[in-house]
Each structure stands twice: as C-alpha cells, then as structure tokens.
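# Need coordinates for the below:
(one chain, ligands or ions: 3)
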Amino acid sequence: MSKRNMDPKKQPMPAQPPEERRRNFREVALGYSAGQAAAEAARCLACKNKPCVAGCPVGIDIPGFLARAAEQDFAGAYEIIARDSSLPAVCGRVCPQETQCEQRCVRGIKGEPVGIGRVERFVADWQAAQTPAAQDAPGRKEDAPRMAVVGSGPAGLSCAGELARNGCAVTIYEALHTPGGVLVYGIPEFRLPKAIVRREIDALKALGVEVVTNAVAGRSLTIPELLEEYQAVFIGSGAGLPRFMGIPGENLNGVYSANEFLTRVNLMKAYREDSATPIQRPKRVAVVGGGNVAMDAARCALRLGAEEVSVVYRRSMEELPARAEEVEHAREEGIRFRLLTNPVEILGEDNWVRGIRCAKMALGEPDASGRRRPVELPGEFLELPVDCVIMSIGTSPNPLLTGATPGLSTQKWGGIIADEAGRTSLPRVYAGGDAVTGAATVILAMGAGKTAARAMLEDLEKGGADHGI
Ligand code: FAD
Ligand code: SF4
Ligand code: SF4
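Ligands and ions are numbered 1, 2, ... in the order given. Next up, the predicted model:
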C-alpha cells in the first residue's frame, strides 16, 4: 500500500505561464506527471462513508479509483472510472469540481480537497496513450434495434455509446457540420483540446455508431419521420438559443452573443488568417455575464489580440458562477472584473459599438435562487469605451425542434418535459441534457444521456416502449 500524503495542499498543476498563454490557443493546464498523480491520489483518506461520491452526479467510486492511482495502477483506476463515466478526459478537465465531488471532500476541511478532477484527467489521458486508435467493430447486425439520437453533445454521445454497447444500431443526427456539441463549438481549445473530443467520437464510430452532420431535426427531418424508421429517438439538442438583455444598442455592429462569438472562434477557427469566417478583431471588449461561457468568451477575445477585456457582472465575486479555476486563470491573464455593474445601454457611432453604459449596483435581500439580489444605486453610472460587446447572460433550448414536434410537452421557457429516466410526453421519444434542464454541465448531460439509453433499452425489452409521461 502506498504511504498516505498528508500535505494540506494539492499537487500544483503545471500550466503555461499567463504572459505566454494569453496570446495562444494551446491548452493552459498541462496535466500531472504519473508521480504527481500518484502523490495527489495518496492524499485520499479512503473515508468509509465516501462523501465525495455523493457530490459526483454520476457516482464514480472516487476513493476506489484514487487508491489504484496512488499505487500507480492507472489501468485499474481507469476501469473503475469507466464504469460510471464515458468522458473522463473531458470531465476531469471541465467539471466544476469545487461545487461537486471536491466540495464534499473531507481533506477540504483543514486544507485543500483532493484534486479528484486532476487525477481523473491524468488517468484518462494515460489510458488514451496506451490504447491504440479505435478499431472498427465487425459491423451492425441486420436485426439490431435501430435507434436515432438528435444532437451530438455529451448527452447524445453518451446515449449513443450506451445503446451501441448494448447491441443497437445507432445513428446520430447533428445540425452542425462537426459533431461534439458545446465540447467543440463552445469550450475553447485552451481548456479542452478538440483532439480529445474527436477521439471519443472516433471510438463511437468504431462501435458502429453512424454520425450524420448538417441534419437539422425540425427542418430537414422531423421526429415523426425518425419514428417511422427507428424504434426510439433520443433528443439531446442542448440549449443553444442565446438570450439578450433587451437594452438599447444591442443591434449595433460589434455586439455578439457569446454563442456566436465562440462558435466563430472555436468551430470556424476565426482566429486563423485563412478562416472562412473572419471576425472583427476587437481592441476593447466588454463581456456581460459571469458564467463559464463569459470566461471563455473573454479569454478568447484576449487571445484574438484585444488590448483590454472586461467582464461586466451585476453581482459580486462571491456569486460569480464560473468555475473557480477559470476565474483564477482569467485574472492571471489580465481580464478585468467590473463587479456590481449592470449594462443599461450600448453606445454607438455610425452603427458600430463605441462604449457601454452601466448602472452601479449593490446587493439586496436574497432572491428565489438564494443569491442576494442586485439593486441599482440611483444615479450612479459607469461608461466603458469598448468596440465590442459579448452578451453572455444565458441560453435556452431552441424552439425549432420542439415547435415542429406535435405532442412533445415543453416548459414555458422551452425545456422539454421528461421524467427522471428521460421519457417524454411522446411514446418512444426520450430527452436529456440541456434540452431538458436548461444550460447545466457536461457531467449532468452525460449522465442524462446514459440514463435515457437504459430506459430506451428497458422499454424496448418490455416490447415496444409505449410510454408517454
Ligand atoms: P450540447 O452540448 O449543446 O449539444 C447539443 C447538440 O445538438 C449540438 O451539437 C447542436 O448543434 C445539436 N442540435 C441542436 N438542435 C438540433 C437539431 N434541431 N437537430 C440536430 N441537432 C441539433 N459545463 C461544464 O461542466 N464545465 C464547463 O467548464 C463548461 N463550460 C462551458 C462553456 C461554454 C462556452 C458553454 C456554452 C457551456 C459550458 N458548459 C460547461 C456547459 C456544458 O457544455 C453543457 O451543459 C453541455 O454541453 C450540455 O450537453 P448537451 O449534450 O445537452 O448539449
Ligand atoms: Fe468529480 Fe466530475 Fe469526476 Fe464526478 S465526473 S468525480 S464530479 S470530476
Ligand atoms: Fe478521499 Fe476526500 Fe473522498 Fe474522503 S472525501 S474518500 S479523502 S476523496
């Protein structure tokens, strides 16, 4: 047995220096060595009641895999993680660990919690380095149940994987020209290298999963049409419809939704000279919002060459919802945080953005979300001279698909109504991920896809999946 490591601090994560990385798109956190991963794993106390496991939405046996990693048995560690997670290289990088598994870790009481995500990332990368590129499976069986998946984000991918591993012939229909959902069009390369996502998709294809791109459900094909061809359909279409504030000036040139900005940068490679979708290279940028999406947009703008990038957020640092590590990285790179500041107008000249006017705020009583409500300080304003404003105040599910699917019940805000197993109001139609919950996390979407796949298989075995909640 390895010796327990009682260091109150995590093994530091090697990273590109801030002054270097702020101008390139390469991955920021470089990952542990085998020795660092084992030393970090050895900080685990192997608690009998495993509080950390209750903090992981998919219930990974955390002390189990850490014990193996501490012994440098990384293959054994991977096997344990893979029982519950199909995307550990992704989740180890992007899970908000500080509000999930690591928040419950007892080592966090008198020091830093065990770096569960960091060890998970190492184990997943180690495994990928040992495994040859995915080999093609023998092919689909003629009589395999045929299943359709709409959307290729983490929900769709994990659903497709679970179905394929259980003998189904699965086809994924994706609206964009590249599969991966937010993992490719939203989260930038410097946080999640696209090669990792490609590897996951190649592994699915090797299992026999077909991926059809440029296929928009609700437009080029409909759910009733899919139901004629497939035994069941899973909808994992995400929540990609951006919200705006409804303030004057939002239609000026130089105002983007974070979704559009990030898609142009990440998917269309707008930062390259030879890109087919050139983007304005802004000098002074205001990003409105405080979530992961806002941090990504701000850090991308910086990497495109902006001289000054400000995150404009109406609450204080304490309420900022982005992952702590991203906020820290953004600060190190020189992003400015304009807190307790709320835009009231985008100022223009010749139809282009020239500034943003913000009201100064204070925190009042807690609102329904439990966070203190921001209230305007009468007559106190701030004007920032900017040539680009990126709106990152949230997204909701796109009504294109639901509007074209008679009988599919939705919430008022557009989310598809589904039970815990992912069953919707329509027989043989299941849903999960952001399309059901609204914008959430990769691990929750992945868990929902897997749960729905199990319900699809269960209903199929019962002889027809004739549910409808
Ligand atoms: P998505 O990933 O959105 O995938 C949906 C897919 O469906 C897309 O590919 C879309 O093109 C496709 N689609 C939509 N409509 C149709 C249609 N009609 N027909 C066919 N295809 C369709 N979460 C974290 O845990 N950690 C993070 O650090 C983090 N950072 C984020 C940063 C950004 C910029 C964004 C936008 C999100 C971030 N999230 C993060 C949230 C996380 O990425 C999402 O919760 C997760 O991707 C949801 O997965 P999903 O499969 O439900 O949807
Ligand atoms: Fe933690 Fe996410 Fe891994 Fe679960 S999947 S153990 S929440 S990093
Ligand atoms: Fe290990 Fe922390 Fe989980 Fe305890 S709570 S088993 S120390 S990871």
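
# Can you tell me the closest non-neighbouring residue to the residue in the stretch 251-400 of the chain that ligand 2 sits nearest to?
Nearest residue of the stretch 251-400 of the chain to ligand 2: Arg323, at 11.0 Å (Cβ to the nearest ligand atom). Using the backbone N, CA and C atoms, a C-beta is placed for each residue, glycine as well. Distances taken as Cβ to Cβ, 6 or more residues apart in numbering place Pro96 nearest to Arg323, at 4.8 Å, with adjacent residues excluded.

# how about low-confidence regions in the protein?
Along the chain, segments meeting pLDDT under 70 span 1, 133-140, 277-278, 464-469.

# how about the residues of it that lie near ligand 3?
For the chain, the contact set with ligand 3 under Cβ under 6 Å from any ligand atom comprises 44-47, 50-52, 62-63, 105-107, 114, 116.

# Check which residues of the longest helix belonging to the chain are buried.
Determined from DSSP state H, the single longest helix within the chain is helix 442-461. Neighbour-count burial for helix 442-461 flags 442-453, 455-457, 459-460 (criterion: 16 or more other Cβ atoms under 10 Å).

# what's the answer for stretch 197-212, then?
Buried, per 16+ other Cβ under 10 Å, within stretch 197-212: Val197, Glu200, Ile201, Ala203, Leu204, Lys205, Leu207, Gly208, Val209, Glu210, Val211.

# Stretch 426-444 too?
Neighbour-count burial for stretch 426-444 [16+ other Cβ under 10 Å]: 426-437, 439, 441-444.

# do stretch 327-346 as well
Quick answer for stretch 327-346 (16+ other Cβ under 10 Å): 327, 329-330, 333, 335, 337-343, 345-346.

# ranges for the strands of the stretch 1-150 of the chain?
146-150 (DSSP state E, counting those that start in this stretch).

# Could you report the distance from the residue nearest to Arg323 to ligand 2?
8 Å (Cβ to the nearest ligand atom, to the nearest Å).

# what's the closest of the residues of the chain next to ligand 3 to ligand 1?
Distances from ligand 1 to these, taken by Cβ to the nearest ligand atom, are shortest for Ile116, at 14.3 Å.

# Give me the neighbour count for the closest one.
By other Cβ atoms under 10 Å, the residues close to Ile116 number 29.

# Nearest to ligand 3 among the buried residues of stretch 197-212?
Nearest to ligand 3 among the buried residues of stretch 197-212, with distances taken as Cβ to the nearest ligand atom, is Glu200, at 25.6 Å.

# pretty sure that closest one contacts Leu87?
Yes - with contacts defined as Cβ atoms under 8 Å, Glu200 counts as touching Leu87 at a distance of 6.2 Å.

# Could you name every residue contacting both of these two?
Jointly contacting Glu200 and Leu87 under the rule Cβ atoms under 8 Å, 6 or more residues apart in numbering are Leu157.

# Near ligand 1, which residues of the stretch 51-200 of the chain are found?
Residues of the stretch 51-200 of the chain lying near ligand 1 (Cβ under 6 Å from any ligand atom): 94-96, 150-156, 173-176, 181-182, 186-187.

# Which secondary structure state does Asp274 sit in?
coil (DSSP: H, G, I helix; E, B strand; the rest coil).

# list the contacts for Trp164?
Slight slip there: residue 164 is Ala, not Trp. Contacts of Ala164 by Cβ under 8 Å, 6+ apart are Val170, Leu204, Leu207, Gly208, Val209.

# Out of the residues you listed, list just those in strands.
Among these, the members found in strands (DSSP state E) are Val170.

# export the contacts of Ala164 to a markdown table and tack on distance to Glu365?
What follows is these, written out as a markdown table (distance: Cβ to Cβ, whole Å):
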| residue | distance to Glu365 |
| --- | --- |
| Val170 | 49 |
| Leu204 | 48 |
| Leu207 | 52 |
| Gly208 | 55 |
| Val209 | 50 |
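
# Now distance to ligand 2 too, for the contacts of Ala164, in TSV please.
Supplementary listing: the contacts of Ala164 in TSV, determined by distance: Cβ to the nearest ligand atom, whole Å:
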residue	distance to ligand 2
Val170	23
Leu204	19
Leu207	21
Gly208	26
Val209	22
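
# Quickly name whichever of the contacts of Ala164 is closest to Phe234.
Taking Cβ to Cβ as the measure, Phe234 lies nearest Val170 of the contacts of Ala164, at 9.1 Å.

# now Gly92: how far from Ala69?
Relative to Ala69, Gly92 is positioned 12 Å away (Cβ to Cβ, to the nearest Å).

# Going by how many neighbours each has, rank those two and give me the top one.
Ala69 (30 against 24).

# packing partners for the longest helix of the chain?
Helix 442-461 sits against helix 88-94, helix 154-165, strand 232-235, strand 429-431, helix 434-437, with contacts defined as 3 or more Cβ pairs under 8 Å, 6 or more residues apart in numbering; DSSP states H and E.

# among the residues of the stretch 51-200 of the chain next to ligand 1, which ones are buried?
94-96, 150-156, 173-176, 181-182, 186-187.

# returning to what we had before: is the longest helix of the chain up against ligand 2 anywhere?
Yes - Helix 442-461 reaches ligand 2 (Cβ under 6 Å from any ligand atom) through Ile443.

# and the angle from that helix to helix 154-165?
Relative orientation of helix 442-461 versus helix 154-165 (axes from the mean of the first three to the mean of the last three Cα atoms, to 10 degrees): 40 degrees.

# Show me what from the stretch 351-469 of the chain comes close to ligand 2.
Going by Cβ under 6 Å from any ligand atom, the residues of the stretch 351-469 of the chain near ligand 2 are Ile443.

# same question, the chain
56, 58, 60, 62, 85, 91-92, 95, 97, 100-101, 116-117, 120, 443.

# just checking, which of the residues you listed belong to helices?
Ile62, Cys91, Gly92, Ile116, Gly117, Glu120, Ile443.

# now, among the residues you listed, which is nearest to ligand 1?
Out of these, the member with the shortest distance to ligand 1 (by Cβ to the nearest ligand atom) is Ile443, at 5.9 Å.

# so who does the closest one touch?
Contacts of Ile443 by Cβ under 8 Å, 6+ apart are Cys56, Pro57, Val58, Ser85, Cys91, Cys95, Gln100, Pro154.
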